[in-house]
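# Give the three-dimensional model of this entry:
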Amino acid sequence: MKFNKLLLVVFAALCFSNLSQAQEGLPIYSDYLTDNLYLLHPSMAGAANCAKIRLTGRQQWFGDEDAPRLLTVSANGRIGDTKSGIGGIAYTDKNGFHSQTGVYLTYAYHLLFSRSEVDLNQLSFGLSAGAIQYKLDETQFRDFDPIVAGIEQSATNFNVDVGFSYNLYNFYAHATVKNLLENEGINFNEQGLSYNNLRTYIFSLGNTFAVSDDLAVEPSFMIFHRDATKETTFDVNVKAYKQMDFGQVWGGLSYRRSLDGAEYLNPDGTDVDSQKLQYITPVLGVDYKQFVFAYTYSYQLNDVVFNKGGFHQFTLGYNFNCRRAKYSCNCPAVN
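I've put the predicted structure just below:
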C-alpha cells in the first residue's frame, strides 16, 4: 500500500475530530547534535561566543510520496556586551496530509559566575514564545468516506518553552519544558477525545574530554518525556572533534531508544510480539572558518518498519559577531 493511501485510511477512521493527532510543536530529532542546541533549549540563545544562524532540512523515506519532511531556520546571539541573548526559530513540518508551521521568539539571560570571561562558569535561563498553525488536508478523503467534509482544516495555538543551561568549563547540563501552556481542542487521541496537555520535559548533559592538543571526545546523554502519553525516550551520544588548519572536523554516533513498546502480530500471525523504537544516527560535520556543514542519517533498527530507508538531514550554518576572547575550555557549543 502506498504511503498516502495508508494515511488516508488512518485519517478516515478519525474523520469526526477537528484535527486528528496533531503534532506538538517542533519535533525532537537529532538536530541538536549538529551544533544546534538552541532548537531544543531556549536558554542557549546567546550563550555561545558567536551569534549563530542554522538552516536544517530533514527528509524521511526517499521515494515515498508524502513522506515526512522538516525545514527549520534559526538564529540566536548575545545583545552587545550585555548578559541578554535573543533568538528566533521558524519551521515547517509536513507528514502526509498533516502539516504545521511555527515561529518562536526567545529571550535568554546569562549569569557568569567566574571572575573573567576566560573561565566558563555560566548559568542561563531562557523563555521562548511561539505560534503554531496546524493543518489537515481532507480534500482527498471523500474518495474513501463521503461523510468527511473534504476541506482543509486549520487551527492556531500559542505556547511557551522555558529552560535553563549550566556550562562549567567542559561540562554542561540543560533542562527544558516545552509546550508549557494547555491548548484545549487542538489535539485528539485515537478515541476522538480532546486532550490539552502537550508538555514535553527534556534533560541533557555531557562533558568534553581532551585527548590531545587537537583532539577531543564528547559523550552526552539526552532524555525526553511526554507528559500526556507518558512516553519516555533517551539518546546516548558520542562525538569527536579534530582541529585542522582551516577549522574543525567532527563526527559521532547517536543511539535513541524508547522505554515504551508497541505490540504486533509476528509474521506467521500466531503470537503477539513487542518492540521498542530504536534509532542509530551517525553524524558528520565540518567547521570551515565561520561556516558549518553537517549531515546526519538516522536508521531504524526495529524488525517491523514501514520502510527500510532512513532519515537524511543536512545542516548549513554561519557564525558571526564573535567575541575576541574564547573561553579556556573544550566546550564546542559555547566556543
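# for the stretch 51-200 of the chain, which spans come out with low pLDDT?
Applying pLDDT under 70 to the stretch 51-200 of the chain flags residues 61-67, 138-151, 184-195.
# I'd assumed residue 298 was in a strand, is it?
Yes. Residue 298 sits within a strand when classified using DSSP: H, G, I helix; E, B strand; the rest coil.
# what's around it, how many residues?
19 (other CB atoms under 10 Å). C-beta coordinates here come from the backbone N, C-alpha and C atoms, glycine included.
# So what are the sheet partners of the strand of greatest length in the chain and their directions?
Criterion DSSP state E: the longest strand present in the chain is strand 247-265. Here strand 247-265 is paired, per DSSP bridges, with strand 231-243 (antiparallel), strand 272-288 (antiparallel).
# okay if I get the ones you listed as CSV plus mean neighbour count, mean pLDDT and distance to residue 108?
Formatted as CSV, these follow (neighbours: other CB atoms under 10 Å; pLDDT from 0 to 100; distance: least, CB to CB, whole Å):
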stretch, mean neighbour count, mean pLDDT, distance to residue 108
strand 231-243, 17, 97, 23
strand 272-288, 16, 88, 23
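# would you turn those into TSV with distance to residue 57?
Output for the strands paired with strand 247-265, formatted as TSV (distance: least, CB to CB, whole Å):
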stretch	distance to residue 57
strand 231-243	21
strand 272-288	15
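# and of those, who's closest to residue 252?
Closest approach to residue 252 among the strands paired with strand 247-265 is made by strand 231-243 (3.2 Å; CB to CB).
# next one: the closest one to chain centre, how far?
13 Å (CA atoms, centre = their mean, to the nearest Å).
# Please enumerate residues in contact with it?
The contact list for strand 231-243, computed with CB atoms under 8 Å, 6 or more residues apart in numbering, reads 30, 33, 204, 206, 208, 213-226, 248-260, 277, 283, 330, 332.
# Would you mind listing which of those are buried?
Neighbour counting over the contacts of strand 231-243 (16 or more other CB atoms under 10 Å) leaves 30, 33, 204, 206, 208, 216, 218, 220, 222, 224-226, 248, 250-252, 254, 256, 258, 277, 283, 330, 332 as the buried ones.
# then stretch 68-88 to PDB, C-alphas only?
Provided in PDB are the C-alpha atoms of stretch 68-88 (Å, rounded to 0.1, in the frame of the first residue of the first chain):
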ATOM      1  CA  PRO A  68       7.600  13.300   6.500                       C
ATOM      2  CA  ARG A  69       9.900  16.300   5.900                       C
ATOM      3  CA  LEU A  70      11.000  19.200   8.100                       C
ATOM      4  CA  LEU A  71      12.700  22.500   7.400                       C
ATOM      5  CA  THR A  72      14.000  24.800  10.100                       C
ATOM      6  CA  VAL A  73      15.800  28.100  10.200                       C
ATOM      7  CA  SER A  74      17.100  29.600  13.500                       C
ATOM      8  CA  ALA A  75      19.300  32.500  14.600                       C
ATOM      9  CA  ASN A  76      20.500  33.500  18.100                       C
ATOM     10  CA  GLY A  77      23.100  35.700  19.600                       C
ATOM     11  CA  ARG A  78      24.100  38.000  22.500                       C
ATOM     12  CA  ILE A  79      22.800  41.600  22.700                       C
ATOM     13  CA  GLY A  80      26.000  43.500  22.600                       C
ATOM     14  CA  ASP A  81      28.100  43.200  25.700                       C
ATOM     15  CA  THR A  82      25.100  42.600  27.900                       C
ATOM     16  CA  LYS A  83      24.000  39.400  29.700                       C
ATOM     17  CA  SER A  84      21.000  39.000  27.500                       C
ATOM     18  CA  GLY A  85      20.600  36.900  24.400                       C
ATOM     19  CA  ILE A  86      17.800  36.700  21.800                       C
ATOM     20  CA  GLY A  87      16.800  34.200  19.200                       C
ATOM     21  CA  GLY A  88      14.200  33.100  16.700                       C
END
